[in-house]
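Student: predicted coordinates and the sequence they were generated for:
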Amino acid sequence: MTEVKETPLKKVMIIVAKANIEDVYAGLIMANGAVMEGIEAKLFFTFFGLDAITKKQMNKLHTATVGNPGMRMPNGWAFPTLLGAIPGVEAGVSAMMKKQMDELDVPPVDEFLDMITAGGGEIYACKMAADMFKLTKDDLCEHVKAIITVGDLYAMSGGDGTQIIFT
Amino acid sequence: MAEKTFAGKTVEVTAEGYLVNKSDWSKEVAAEMAKEDGIELTDKHYEVLDYLREQEASGASLTIRKVGKSGIVDIKGLYELFPGGPLKLSSKYAGISKPASCV
């Protein structure tokens, strides 16, 4: 039998490319969980994921009520896509999701970024996506350490026990 | 289960070093547990431990967010007090169960 030798995880690079509540929170929870375990964490926001670190959008994220097969009514029935298309439904569902997360002590995005950076986590924005959406550092929240290229990201990903995670 | 001797008292601990019997806890036990990890407990540390013990006794689930809002210490301060494990280490020294929350 071969002996399995585990190398402990030391650093995670987490990439968030979407702006849905669940995609953004998956990245935030993983990053926060890492720093709480003493694992170095760097978050890299790109494409629509930039909404999560854009001052104007960060606390107004939505979940998709159209084309989301995981959506259910409170009673467990499938959520009809046509219902999800009615104006206001997506906002209502998103507000409900945030309320449920708050009950579990999951904070709003800006406060979550406070928690992650307080633990030594670092937040970066993707240069190409920022250029594409015409965003400058001033549009982004104060937690953002820098706007970097993908090459910079890889340069930060060295070292034993580093993993790149794409949510 | 393993046994450890802290402050002259033999106590049962889990594989990760958490006390099995909460009644074994004392300030001296906490201090020796922390010393094993290279942390010297100060009054501020004990304030956090007391807070965690009270919260757990009241049945609340513990998160660093809650500790950060307790008025004892902010989250950055909590990381400074318990490097590499703000909730895990503090819970261990407080003699309560390993935190079961993801935040």
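Tutor: Structure's in. What do you need? Numbers count the residues shown, from 1 in each chain, chains lettered A, B, ... in the order given.

Student: ok, and the closest non-adjacent residue to the residue of chain A found nearest chain B?
Tutor: Closest to chain B within chain A is A:Gly38: 3.1 Å, counting by Cβ to the nearest Cβ. C-beta: built from backbone N, CA, C; applies to glycine. Counting by Cβ to Cβ, 6 or more residues apart in numbering or on different chains, A:Gly38 lies nearest to B:Gly84, which is 3.1 Å off, once chain neighbours are set aside.

Student: what strand or helix carries the residue nearest to B:Gly85 when sequence neighbours are not counted?
Tutor: Of all residues not flanking B:Gly85 in the chain, A:Gly38 sits nearest, at 5.8 Å (Cβ to Cβ, 6+ apart). Assigned by DSSP states H and E, A:Gly38 falls within no helix or strand.

Student: okay, now the residue nearest to A:Gly38: neighbour count?
Tutor: If you count neighbours by other Cβ atoms under 10 Å in any protein chain shown, B:Gly84 ends up with 16.

Student: who are the neighbours in contact with the residue of chain A closest to chain B?
Tutor: Contacts for A:Gly38 (Cβ atoms under 8 Å, 6 or more residues apart in numbering or on different chains) come out as B:83-85.

Student: relative to chain A, which of those residues is nearest.
Tutor: Closest approach between those and chain A, by Cβ to the nearest Cβ: B:Gly84, at 3.1 Å.

Student: quick revisit: what separates the residue of chain A closest to chain B from B:Cys102, distance-wise?
Tutor: A:Gly38 sits 16 Å away from B:Cys102, going by Cβ to Cβ, to the nearest Å.

Student: please apply the same query to A:Gly67.
Tutor: In terms of Cβ to Cβ, A:Gly67 sits 27 Å off from B:Cys102.

Student: those two: who's more crowded?
Tutor: B:Cys102 (13 against 9).

Student: could you pull out the buried residues of the helix or strand hosting B:Glu3?
Tutor: Element membership of B:Glu3, judged by DSSP H and E, is strand B:2-6. Buried positions in strand B:2-6, judged by neighbour count with 16 or more other Cβ atoms under 10 Å in any protein chain shown: B:4, B:6.

Student: by contact count, what packs against that strand?
Tutor: strand B:9-13, helix B:27-36 (3 or more Cβ pairs under 8 Å, 6 or more residues apart in numbering or on different chains; DSSP states H and E).

Student: pull out the buried residues from the longest one.
Tutor: Applying a neighbour-count criterion of 16+ other Cβ under 10 Å, one finds B:29-34 buried in helix B:27-36.

Student: for chain A, what are the nearby residues on chain B?
Tutor: B:61, B:63-66, B:68, B:74-76, B:79, B:83-88, B:101-103 (Cβ under 8 Å from any Cβ of the partner chain).

Student: who's in contact with the strand holding B:Glu3?
Tutor: So strand B:2-6 is contacted by B:10-15, B:17, B:28-29, B:32-33 (Cβ under 8 Å, 6+ apart).

Student: turn the residues you listed into CSV, columns for pLDDT.
Tutor: Shown next, in CSV, are the contacts of strand B:2-6 (pLDDT from 0 to 100):
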residue, pLDDT
B:Thr10, 92
B:Val11, 92
B:Glu12, 94
B:Val13, 95
B:Thr14, 95
B:Ala15, 93
B:Gly17, 94
B:Glu28, 95
B:Val29, 95
B:Glu32, 96
B:Met33, 96
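
Student: I'd assumed B:Leu49 was in contact with B:Tyr93.
Tutor: Yes. Checked against Cβ atoms under 8 Å, the pair B:Tyr93 and B:Leu49 is within contact range at 5.8 Å.

Student: per-residue pLDDT, the residue nearest the centre of chain A?
Tutor: Geometric centre of chain A, nearest residue: A:Val24, 2.7 Å, by Cα atoms, centre = their mean. At A:Val24, the predicted lDDT confidence score is 97.

Student: A:Cys141 now?
Tutor: At A:Cys141, pLDDT is 97.

Student: ok, the one 10 residues further on next?
Tutor: At A:Gly151, the model reports a pLDDT of 97.

Student: ok, A:Val12 next?
Tutor: Confidence score, pLDDT, at A:Val12: 98.
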